[in-house]
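Visitor: the following comprises the amino acid sequence and a computationally predicted model.
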Amino acid sequence: MKIRLDEVVKTFDTFRAVHGVSLDIESGELVALLGPSGSGKTTILRMVAGLEYADGGRILFGEQDATDIPVRDRGVGFVFQHYALFPHMTVAENIGFGMKVSKVRRTKAEVAGRVADLLRLVKLEGLGDRFPTQISGGQRQRVALARALAVDPKVLLLDEPFGALDANVRRDLRRWLREIHDELGITTLFVTHDQEEALDLADRVVILNEGKIVQQGTPEEVCRAPATAFVMKFLGDTNRLRATVKDGIASLDGLTLDAAGCPDGPADIYLRPGDLEWTSEGDGVAATVSRVIDRPDGRRLSVRTGSGETAELDVPPETVVAAGDRGVLRVVRMRVFAA
Amino acid sequence: MKIRLDEVVKTFDTFRAVHGVSLDIESGELVALLGPSGSGKTTILRMVAGLEYADGGRILFGEQDATDIPVRDRGVGFVFQHYALFPHMTVAENIGFGMKVSKVRRTKAEVAGRVADLLRLVKLEGLGDRFPTQISGGQRQRVALARALAVDPKVLLLDEPFGALDANVRRDLRRWLREIHDELGITTLFVTHDQEEALDLADRVVILNEGKIVQQGTPEEVCRAPATAFVMKFLGDTNRLRATVKDGIASLDGLTLDAAGCPDGPADIYLRPGDLEWTSEGDGVAATVSRVIDRPDGRRLSVRTGSGETAELDVPPETVVAAGDRGVLRVVRMRVFAA
Amino acid sequence: QSADKILNASYDVARELFEDVNAAFVPKYKADTGKDVTVDQSHAGTSKQARAIVEGLEADVVTFNQVTDIDFLVKNGFVSDDWQGDFASNASPFYSLPSFLVRAGNPKNVKDWSDLVRDDVQVIFPNPKTSGNARYTYLAATAYAREAFNGDEAKVKEFVTKLFDNVPVFDTGGRAATTTFVEREIGDVLITFESETTGIRKEFGEDKFETVTPSVSLLAEFPVAIVDKVVDKRGSRDLAKAYLDFLYTPEGQKIAAENGNRVRDETVAAEFKATFPEVRLVTVEDVFGGWSKVQEEHFASGGLLDQIYGER
Amino acid sequence: MTRRRVLPGLPLSLGITLFYVGLIVVLPLGALVFHAASLGPEDYWRVVSSARAVASYRVTVLSALAATAFNLVFGLALAWVLVRYQFPGKRLVDAIVDLPFALPTAVAGIALTALFAPNGWFGSVLAETGVKVAYTPLGIMIAMSFTSLPFIVRTVQPVLEDLDPTLEEAAQTLGGSDRSIFLRVILPLLMPALLAGLSLSFARSLGEFGAVIFIAGNQPMSTEITALLTFIRLEEYDYQAAAAIASVLLITAFVMLAFTNLLQARALRHTARS
Amino acid sequence: MQRGKRPPRVGDNPAIRRTLIAFVLVLGALLVLAPLVVIFTQAFSLGPAGFARTIGHPDTRHAIMLTVVTALIAVPVNTVFGIAAAWAITKFDFWGRRFLLVVIEIPFSVSPIVAGVAYLFVYGLQGVFGPMLDSAGIKILFALPGIVLASMFVTAPFVVRELVPLMQAQGRDLEEAATSLGASGWRTFFSVTLPNIRWALLYGVVLCNARVMGEFGAVSVVSGNIRGQTNTLPLHVELLYHDYQTVGAFAAAAILTVLAIVTIAAKVLLERQGAGRASRPALAAPTAAPGNAK
Ligand SMILES: Nc1ncnc2c1ncn2[C@@H]1O[C@H](COP(=O)(O)OP(=O)(O)OP(=O)(O)O)[C@@H](O)[C@H]1O
Ligand SMILES: Nc1ncnc2c1ncn2[C@@H]1O[C@H](COP(=O)(O)OP(=O)(O)OP(=O)(O)O)[C@@H](O)[C@H]1O
Ligand SMILES: [Mg+2]
Ligand SMILES: [Mg+2]
Ligand SMILES: O=S(=O)([O-])[O-]
């Protein structure tokens, strides 16, 4: 099922939560909606599901205008952020619910068989008789997904599916969701505010800010070529150093860097902690270490440049360095955005 | 105030939540209790505060057995995970509460003066008249801390102080808490399950599992020399490869590695994603790339070794690599634990 | 020192009567003895009153509409067992009888007890178990039936059962039954004390109701007694006695008669002759062999009354 | 080692509680049970199983059941309408739901009787259709419904208000019709509260006296409620019988409360938010 | 296209909505509102003068006073009890907590007549303590103490029931925080607990008060019905009713009804302040500490 959003607008009272969003989701694609809190991710997802009406624009399911299709007939599987499992039903009953209430009559045995299949799919064999309160968060998440899958949805919508879980569990479920998607090939749209999750999981990432799409593309595209400073910052830790651009050349503390395409004037140079290297001397920005933080996979240095700006960078764990050391920041790669 | 826990035991009904924990916290030290959910962190903290009584062992405040000191006289500042701000009092009233109820009489002006000082300290000048519901989560957190500090506690106890906050806010508050600690020098014990937070903030990290201390030391010590596989795994992403040790030499897919001190027999080699390098040929473990994930600061490769094990490693963003590529994993550093 | 305040525990519907009595008694007593006294009133079902006294309600005198309830006080040692000798006329200064009240014009043409068991007649009286008033009704009906059927107990029971069958609502007290009859307009005949029928006509309009006096009825003595245990404790015997004595004075008798009671004093009785039609009265002694026997045979748990209830 | 407590005030507060409950609730009810027990098992049984007593239980229980069933529908509808819909006068309706709690029951009894008596506003209309309310079990049922209505509304309403809307949305996305969502999702979730409300409403109806006696008709064997029979036994100076019948009411109420507490705890075990 | 609206929720179907609202309004008017109207219609059926005559009568005035005095004693005592019980039940774990709650709730479902009778068995001359109290010259039954005791029995659960769920939801964090800041038990209660339960407490008190003032059955058994002395307002209603003073009875009932309406108005106001059900989740801490789980 191909889904198209065409200039969709949504206003709550007087607050415009979604400003003319247009988006095509190809059949079988796995797309992530990524954005900070309040950027309209949930609102878009709910409009696609039919749980909210758009004020303007159109949403098409295949060729059909979705507005005319009530929620219960849209054939969407929705996985809610807090699972929304029915607390009074067992896991198996939760999963079987959609089949029981469906217009398509199924025998008890059919339902039970399909529930068993789904329990196997989500790796919860043997937990069918538990109640949602009797299983862990990660397991609940999987039940929620199985429940959504049980009705053979044409589209799968997930709202921060792993938001409330531990980092380790998230990582596992993420892989597993990818596998399920690859196996079933259902068009999937999922919402997250976790960059890592979106990049790890999605075929395509749509980055939203304040109700507008600011960039969309494959993980590689958005990571390697962030369209704006917002995207750059939003995707991960960044250092910002102020510079001045003239004729496509940015100068920074005596250092000159290529800034082709950037208009003349003040500009910001954005660098990730891994974009800097620490050397005792050489070409680069002079700096002093103000703090060393040990991390499992290396050491992070907080440094202060000669011009008083601060930056952070990661060095290998063996690096011998201490607060107060002086050295040079070598810029390995960077991006310049007009300030 | 120096605090000593001496073989402290705590049992709920029949469940032993804390098994003979011994721990010294030096005066002025900032110690983090780090451990997975249910490992007994909160229970230990509450026992130190006097909000829970130990079933066995002793807790000493300086030289005095704390059992005899009721909560209200212990001089601890407790910051609750969900702040537990008094909802009917303004921020200023919350902060002033401890002074008002204290046995030490203070004039209204004294209280007001100190409240103003504290508001400045926690950077909330001007918010004194707000109610807790009228400020953000991060601000509430700071009010909770100011309230605890107002009674000049000899010990500051914080239960997952930043647990409920956004990653960005957490990072800010973390720095700021460190600064406050450096300024006031109060003995501080704080609980977290976030490794990064503990490592970033604490002088010393105490790692708990199932009610027992598994390792304690400076961030550098626990990061560079994890005592057990549990610590290694708990602190961050790891790859595990199976190997065999003989005479202090581990052999792995034809590769031999130094495993001094490890007993003969099967062993696990633990590597962080940064501990591996990807080269097209050379000394190392042959592997095939199964997936490439683009991340803002590089690319993460999922690989499968010749012997069918999987591993992940990070490579610089420029690396040209795609799923299906064959190459060699070079081991930069690693740890061996008996299996 | 003697008390200057007594409590008169009385039956439900005697409030107006004793309000008038007190209003006359207090100044008279002041005139006679120079003392200011107060008489408090408590009104409820007399069983409830007797029970309350036994449980500790400190009533100095009781003015009941039932001998059995005083007997209960006797049994519990609150009243001496020869109380009926303490005052004249069996210690009952006035009396009444069950009588009928019908709606204006007597549309159902009710004349006597025999009319009450007709299928087209609905009768209102309260539950004999909870209301002294209704006990008299029950006994009067039984007395009538015994005469009518020459003592054929089976027929008597059938008659009474039929009568009960004609009762659509059983209230717990006489006044509640009155309300049902008058305000809710339920039933064709209300059976209650003659003193009540007079009061009701006065209260709700002489043109709305008529009293029908049956050919025969039961003498309902309204007994009075001093509660010895209480007056001894409170030192109020003199006042209590003076109060009850007052009921026998012409002045007291006149107040009683004005409130619809038949009185013993002949002069006063003569004065009110027009108000009280002639009626043949039988007594509990004559027909049933005394109150204790009545209690046992008719009203006790499992007695005839319960049998009648059970057969409904 | 005795468990020490962190927060102060347990001895004082528990002391006050136990003393007060002991003095105000347990002592009198204990005396009552003791009185009833002094009858001996045979007599006790005879008293509580007499035809008249049994008839009174039947009237009381059936009327209370009918009243509770009526309130189940009416109370649930009220709660639903108050939570889910906007309409003019909603605040007023919400406010008057508490009227039966606040209005003395005797007053309610008089007022209901005045309304439903054959010459009352409703009674006269109903009489034309041949329906009798006052002085029939129907009247008892109405009086009981009146006094116990708020129990159901006020226990269901907050739960309905707090009901997570995403559960309903989840059921919608799974293809549930309104009917099946209501029956399979919403109603089961309301069940613990509904059960609590029903049991309170039923227990209250069993014991209702003030509002009922005015409208009941009080005919032995047909419209005499158990509370009235207690009262009548008392009037007959039969204290033990009164105590015995009262103890039946008491035990029923207690068992009801304990049972629903149990059921509720059971239902809540799964439905409680984690 | 349905723009701007919400998609329909369960029961949003207009036909169902209208039917339900109509059903509720009609039944509510017939069953709940009509009795109210009837009381006032009857009370004023003889005009304001008739009404005033009843209200002006000394016995009525005394009944009002007695009712007020009873409430003035019973309500504060019940309030203290309710707070103590809620504190004990919600702030501590002890054996038999659930059972205690059930026992406290009994009066809700015990027939008031039964309650009255039970009191006879305790304080009556034939009861457990009656003779003892009598010889000590202490009068409980048929006097104010009996009326107060019976009223307290009937209303014992009111305050507790309002407080326990709220305090359970609030957990113990705030009290623990206050204690760790050095506050004494009383201080903790008055500065921290009380302000956060005050609306619910007031709501409980208001309901308790309404019931105390309106109690009929239990009080009727233990009052002694002495006019001008032990007749409370509801008993007075019955008495007037039985004295052929229907209008007077309804006038007295109207006073009680006005009290009931005032109570409800107070309740609505309190709810707007955030009492009762309106406030429950708002004040509650997001989650209770592990020690607080029941
Ligand atoms: N029902 C509503 N009424 C009013 N405003 C709303 C409503 N739902 C959402 N909003 C507002 O619309 C904006 C977008 O909300 P939305 O829930 O879509 O954000 P989000 O991107 O999902 O954020 P989060 O990551 O916090 O879930 C927010 O500012 C929110 O406050
Ligand atoms: N009051 C209690 N009664 C019973 N068990 C308890 C109680 N408090 C804690 N426990 C148990 O003791 C163990 C340790 O709990 P604790 O709250 O100290 O864990 P924690 O390390 O703080 O975990 P988290 O990170 O989830 O807060 C858990 O298994 C918990 O279930
Ligand atoms: Mg969202
Ligand atoms: Mg914890
Ligand atoms: O009016 S009662 O309180 O007795 O029901």
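Guide: Right, received. Where do you want to start? Ligands and ions are numbered 1, 2, ... in the order given.
Visitor: C-alpha only now, for contacts and for neighbours.
Guide: OK.
Visitor: and the gap between E:G124 and ligand 1?
Guide: 63 Å (CA to the nearest ligand atom, to the nearest Å).
Visitor: ditto for D:G130
Guide: D:G130 is 53 Å from ligand 1, by CA to the nearest ligand atom.
Visitor: mind checking pLDDT for that residue?
Guide: pLDDT for D:G130: 87.
Visitor: next, it: secondary structure please.
Guide: coil (DSSP: H, G, I helix; E, B strand; the rest coil).
Visitor: against D:A143, how distant is it?
Guide: D:G130 is 20 Å from D:A143, where distance means CA to CA, to the nearest Å.
Visitor: need the contact list for the one residue in the stretch 201-312 of chain C that gets nearest to chain E.
Guide: In the stretch 201-312 of chain C, the residue that lies nearest chain E is C:E203 (7.4 Å; CA to the nearest CA). Residues near C:E203 by CA atoms under 8 Å, 6 or more residues apart in numbering or on different chains: E:Y244.
Visitor: kindly report the same for A:K212.
Guide: Counting by CA under 8 Å, 6+ apart, A:K212 has contacts A:V18, A:H19, A:G20, A:V21, A:S39.
Visitor: out of these, which are inside strands?
Guide: The members of the contacts of A:K212 that map onto strands under DSSP state E are A:V18, A:H19, A:G20, A:V21.
Visitor: hmm, back to that, more crowded one of D:G130 and D:A143?
Guide: Each of D:G130 and D:A143 has its neighbours counted (other CA atoms under 10 Å in any protein chain shown); D:A143 has more, 32 against 10.
Visitor: helix, strand, or coil at the more buried one?
Guide: Quick answer, by three-state DSSP: D:A143 is helix.
Visitor: next, the contact list for it, please.
Guide: Taking CA under 8 Å, 6+ apart, we find D:A143 in contact with D:A108, D:G109, D:L112, D:A211, D:V212, D:I215.
Visitor: so the fifth one is in which element?
Guide: Spelled out, that is D:V212. helix D:210-216 (DSSP states H and E).
Visitor: packing partners for that helix?
Guide: When contacts are defined as 3 or more CA pairs under 8 Å, 6 or more residues apart in numbering or on different chains; DSSP states H and E, helix D:210-216 packs onto helix D:105-116, helix D:137-162.
Visitor: gap between whichever residue of chain D sits closest to ligand 1 and chain C?
Guide: For chain D and ligand 1, the shortest gap (CA to the nearest ligand atom) falls at D:P165, measuring 11.7 Å. Going from D:P165 to chain C by CA to the nearest CA, to the nearest Å gives 51 Å.
Visitor: part of a helix, is A:S302?
Guide: No. Counting by three-state DSSP, A:S302 falls outside a helix, being strand.
Visitor: counting neighbours, what do you get for it?
Guide: So A:S302, with other CA under 10 Å, has 19 neighbours.
Visitor: host element of the closest residue to E:V212 other than its chain neighbours?
Guide: Leaving aside its chain neighbours, E:V212 sits nearest to E:S151 (5.5 Å; criterion: CA to CA, 6 or more residues apart in numbering or on different chains). According to DSSP H and E, E:S151 maps onto helix E:144-155.
Visitor: how about that helix: buried residues?
Guide: E:L144, E:P145, E:G146, E:I147, E:V148, E:L149, E:A150, E:S151, E:M152, E:F153, E:V154, E:T155 (16 or more other CA atoms under 10 Å in any protein chain shown).
Visitor: and stretch E:42-56, by the same measure?
Guide: Taking 16+ other CA under 10 Å as the criterion, stretch E:42-56 shows E:Q42, E:A43, E:F44, E:S45, E:G50, E:F51, E:T54, E:I55 as buried.
Visitor: adding distance to A:V285 and pLDDT, write the residues you listed out as JSON lines.
Guide: Compiled in JSON lines, the buried residues of stretch E:42-56 are given as follows (distance: CA to CA, whole Å; pLDDT from 0 to 100):
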{"residue": "E:Q42", "distance to A:V285": "95", "pLDDT": "89"}
{"residue": "E:A43", "distance to A:V285": "94", "pLDDT": "89"}
{"residue": "E:F44", "distance to A:V285": "95", "pLDDT": "89"}
{"residue": "E:S45", "distance to A:V285": "98", "pLDDT": "87"}
{"residue": "E:G50", "distance to A:V285": "99", "pLDDT": "82"}
{"residue": "E:F51", "distance to A:V285": "96", "pLDDT": "85"}
{"residue": "E:T54", "distance to A:V285": "98", "pLDDT": "81"}
{"residue": "E:I55", "distance to A:V285": "95", "pLDDT": "83"}
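Visitor: can you lay out those residues as CSV showing secondary structure?
Guide: Formatted as CSV, the buried residues of stretch E:42-56 follow (three-state DSSP):
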residue, secondary structure
E:Q42, helix
E:A43, helix
E:F44, coil
E:S45, coil
E:G50, helix
E:F51, helix
E:T54, helix
E:I55, helix
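Visitor: show me which of these is closest to chain B.
Guide: Relative to chain B, and with distances defined as CA to the nearest CA, the nearest of the buried residues of stretch E:42-56 is E:I55, at 43.6 Å.
Visitor: wait, what's in contact with C:V79?
Guide: C:I70, C:L73, C:A225, C:I226, C:V227, C:D228, C:K229.
Visitor: that one and D:Q157, how far apart?
Guide: In terms of CA to CA, C:V79 sits 58 Å off from D:Q157.
Visitor: show me the shaky parts of chain C.
Guide: C:1-2, C:311-312 (pLDDT under 70).
Visitor: so A:P317 touches A:G298, yeah?
Guide: Yes. Distance between A:P317 and A:G298: 4.0 Å, which falls inside the contact criterion (CA atoms under 8 Å).
Visitor: can I get the contacts of D:A143 in a markdown table with pLDDT and neighbour count?
Guide: As requested, these are exported to a markdown table (pLDDT from 0 to 100; neighbours: other CA atoms under 10 Å in any protein chain shown):
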| residue | pLDDT | neighbour count |
| --- | --- | --- |
| D:A108 | 91 | 26 |
| D:G109 | 90 | 26 |
| D:L112 | 93 | 29 |
| D:A211 | 88 | 26 |
| D:V212 | 90 | 32 |
| D:I215 | 88 | 31 |
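Visitor: ok, and which of those residues reach ligand 5?
Guide: For ligand 5, the contacts drawn from those by CA under 6 Å from any ligand atom are D:A211.
Visitor: select the longest helix from the chain.
Guide: I went with chain A, as the question did not name one. helix A:167-184 (DSSP state H).
Visitor: correction: the question concerned chain E.
Guide: Longest helix of chain E, by residue count under DSSP H: helix E:58-91.
Visitor: tell me if that one is near chain C.
Guide: No. Between helix E:58-91 and chain C, judged by CA under 8 Å from any CA of the partner chain, nothing touches; the nearest distance is 11.4 Å.
Visitor: now do stretch E:232-247
Guide: Yes. Stretch E:232-247 is in contact with chain C by CA under 8 Å from any CA, via E:H242, E:D243, E:Y244.
Visitor: tally of neighbours for the first one?
Guide: Looking back up the chat, that one is E:H242. E:H242 has 21 neighbours, counted by other CA under 10 Å.
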